[in-house]
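> only the shape, not the letters, is given here:
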C-alpha cells in the first residue's frame with residue numbers, strides 16, 4: 001500500500017440531436033458507410049459551419065445539473081492533427097473558453113459518499129471511424145460520425161481507485177441519460193471514456209507521470225484497463241524504470257494496455273479560434289429557459305423518495321441511479337396501493353436480477369411497473385405468499401398474462417382458511433410423531449422440519465404466518 005493511484009476521466013457523451021453539430025446531416029446510427037457525411041462535415045472548399053442550437057442547450061442543461069458555471073461567452077477552436085478519419089485535418093472543439101466550467105458529481109460508494117470535481121465540459125465534433133477489420137490488408141474509412149455533436153466532460157484527478165472511476169462513470173452515465181441529452185448506448189459509441197492514470201508514493205503531493213487509456217466503451221473494460229495500467233506502472237517504477245507520458249489502448253482479449261502513441265500536449269495541436277465561427281454568447285434568459293425545462297434531478301428525487309415514501313437512503317440511491325428505474329418505481333407504487341418499501345425490494349431484488357441475467361434495460365422489462373405493483377398488492381393482501389409471488393413474477397416475465405389471471409389459472413391463491421390450515425397441521429403432527437416428541441423434548445430445530453412438511457402438504461399455498469402460529473400452538477398445547 002505504499003503507492004497511491006490518481007485517476008481523472010475524460011468522457012465523450014454523444015448529444016441526442018437529430019442533426020450534427022455544424023451541419024444538417026443526420027446523426028442516426030447504422031446507416032450505410034459515408035451516406036451521412038455532408039460537404040460541411042468533410043470541409044469541402046467554400047462551406048461554412050452553422051452551430052446546432054440544440055447541442056448548446058444540451059450542454060447548458062448538463063452544466064445546470066452539476067451546479068457548474070455556464071460561461072456567458074465561449075469560443076470554438078481548431079484542434080489541428082492528421083488522421084485518415086479526420087477529413088478536415090482539424091477538429092472543431094473548445095480550448096480556453098468552454099461552454100461549461102467547474103461543477104461536481106456526488107458518488108455513492110460502498111464505504112460512503114465522495115464528491116468528484118469537474119474541470120469543464122466543452123462542445124466538439126466527432127471524427128469519422130477507421131474500419132481495420134473489414135478489408136484484408138487495408139483500412140476503410142466511414143465518415144458518417146464526422147461532425148456528430150459531443151460533450152467532452154473532464155474531471156479533476158480526484159479518483160483513487162478503479163472502483164471509484166467506475167462509480168463516477170456510472171453516475172455520469174446515469175445523469176446524462178436522465179437529462180435526455182445522451183442515449184448512453186456504449187456499444188454504439190454514444191458514451192466513451194478516456195482514463196488518465198498515474199501513481200505516486202503515498203504522501204507525495206506531486207503527481208506522477210500519467211498515461212491516457214483511450215476509448216473505453218464499457219464499465220468492465222474501464223475497470224480492467226485501469227487495474228492493469230496501475231500494476232504496469234508500479235512494477236515499472238519498482239524495477240528501476242520510468243513511466244513515459246503516452247496514449248495507450250486497452251486490448252480486451254489480452255486484458256492489457258499497450259502503447260498507441262506518445263502523449264501530445266495542448267500546444268502540439270496548435271489550437272486557434274475557428275475563423276468561420278463567431279464566439280458563442282449565452283444570455284441569462286436562455287439559461288433560465290433551459291432551467292425551466294429541466295426534469296427533477298436525481299439528488300432532488302433521492303431526497304423526495306426518502307421523505308415521501310419513507311425509504312432508506314440506500315434504497316433511494318439505487319432507485320435514482322437511472323431515470324427509467326425511478327419512473328418504474330413510482331408507477332409500481334401507485335399500482336400497489338402505496339407499498340413503497342415492498343416495491344423497492346422487488347425492483348432491487350428479483351427484477352434487477354432478471355434484467356441482469358437477460359442483459360436488458362428496465363425500459364425493456366417484460367414485467368411492467370403496473371404488473372409489479374399488482375403483484376406486490378396481492379402479496380400484501382394475503383392472496384399470495386412471498387414464495388408464490390416469485391412464481392407469479394416468473395410467469396409475468398414469460399408473458400403468461402396479468403397477475404390475477406396467472407393466480408387463477410395456476411391455482412396459486414394462498415390458503416388462509418383457519419380450518420384448512422388446522423387440518424394440514426394435524427395431519428403433519430400425526431404423520432411425524434418422532435419429530436414432534438423431539439421438539440417437545442427441547443430440540444427446537446424440528447419446528448422447521450414440521451413447518452416444511454406442512455408447506456409441502458399445502459403445495460406452498462398455506463399462509464406462512466398462520467401456519468407457524470397454529471403449528472406452535474398445537475405443539476405447545478399437548
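Yes, it's here. Since this is a predicted model, take the numbers as computed values, not measurements.

> what about residue 455, distance to residue 427?
For residue 455, the distance to residue 427 equals 13 Å [CB to CB, to the nearest Å]. Heads up, the C-betas are built off the backbone N, CA and C, glycines and all.

> who has more neighbours out of the two?
Remark: of residue 455 and residue 427, residue 455 carries more neighbours, 18 against 13, as counted by other CB atoms under 10 Å.

> got the contact list for that one?
462, 464, 467 (CB atoms under 8 Å, 6 or more residues apart in numbering).

> please repeat the previous calculation with a cut-off of 7 Å.
Contact analysis of residue 455 by CB atoms under 7 Å, 6 or more residues apart in numbering lists 462, 467.

> cool, and residue 342?
Counted by CB under 7 Å, 6+ apart, residue 342 has contacts 336, 376, 380.

> what of residue 121?
59, 62, 63, 98, 100, 151, 152, 153.

> those residues: which two are farthest apart?
63 and 152 (13.1 Å; CB to CB).

> pLDDT (mean, whole number) over the longest helix seen in the chain?
Across the chain, the longest stretch assigned as helix under DSSP state H is helix 219-238. Averaged over helix 219-238, pLDDT sits at 96.

> next, the buried residues of it.
Buried positions in helix 219-238, judged by neighbour count with 16 or more other CB atoms under 10 Å: 219, 221-230, 232-234, 237.

> of those, closest to residue 297?
Looking across those and measuring by CB to CB, the closest to residue 297 is residue 219, at 22.1 Å.

> the closest one contacts residue 167, doesn't it?
No - at 9.4 Å, residue 219 does not count as touching residue 167 under the criterion of CB atoms under 7 Å.

> contacts for the one helix or strand in the chain whose mean pLDDT sits lowest?
Counting by mean pLDDT, DSSP states H and E, the chain has its least confident helix or strand at helix 464-477, which shows a mean of 76. Helix 464-477 is contacted from outside by 385, 416, 421-422, 425, 429, 436, 439-440, 450-451, 454-455, using CB under 7 Å, 6+ apart.

> for the residue nearest to residue 269 when sequence neighbours are not counted, report the pLDDT, please.
Distances taken as CB to CB, 6 or more residues apart in numbering place residue 79 nearest to residue 269, at 4.6 Å, with adjacent residues excluded. Residue 79 is assigned 94 on the pLDDT scale.

> what are the phi and psi values at residue 79?
Dihedral pair for residue 79: phi -100, psi 110, per degrees, to the nearest 10.

> that one pairs with what?
residue 91 (DSSP bridges).

> can you pull out the strands in the stretch 251-400 of the chain?
256-262, 272-273, 280-281 (DSSP state E, counting those that start in this stretch).

> tally of neighbours for the nearest residue to residue 70 once chain neighbours are set aside?
Distances taken as CB to CB, 6+ apart place residue 63 nearest to residue 70, at 4.9 Å, with adjacent residues excluded. Look at residue 63: counted by other CB under 10 Å, it has 26 neighbours.

> what mean pLDDT would you report for the longest strand anywhere in the chain?
The single longest strand within the chain, with elements called by DSSP state E, is strand 112-125. In this model, strand 112-125 carries a mean pLDDT of 96.

> again, but for stretch 292-309
95.

> low-confidence bits of this structure, can you list those?
For the chain, the stretches with pLDDT under 70 are 1, 263-264, 266, 414-417, 420, 461, 463, 478.

> tell me the phi and psi of residue 23?
phi -150, psi 170.

> which one is it nearest to, not counting chain neighbours?
Residue 23 sits nearest to residue 40 (CB to CB, 6+ apart), 3.7 Å away.

> which SSE is the one you found in?
Counting by DSSP states H and E, there is no helix or strand that carries residue 40.

> re the thing from before, ok, the residue nearest to residue 269 touching residue 89?
No - the pair residue 79 / residue 89 is not scored as a contact, 10.4 Å apart, by CB under 7 Å.

> so for these two, which sits in the more crowded spot?
Between residue 79 and residue 89, counting by other CB under 10 Å, residue 79 is the more crowded of the two (20 against 11).

> check contacts around that one.
Residue 79 neighbours (CB under 7 Å, 6+ apart): 90, 91, 93, 269, 271.

> with residue 413 instead?
Applying CB under 7 Å, 6+ apart to residue 413 gives the contacts 383, 407.

> now it: which helix or strand?
Applying DSSP H and E, one finds residue 413 in no helix or strand.

> report all helices and strands that the longest helix of the chain contacts.
strand 3-14, helix 162-179, strand 191-201, strand 211-216, strand 256-262 (3 or more CB pairs under 7 Å, 6 or more residues apart in numbering; DSSP states H and E).

> got a list of contacts for that helix?
3, 5, 7, 162, 165-166, 169-170, 193, 195, 197, 199, 211, 213, 216, 243, 250, 252, 255-257.

> in PyMOL, how would I select the buried members of those?
To isolate in PyMOL the members of these that are buried, counting by 16+ other CB under 10 Å, one can use:
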select buried, resi 5+7+162+165+166+169+170+193+195+197+199+211+213+216+243+250+256+257
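
> just give the number of residues close to residue 279.
11.
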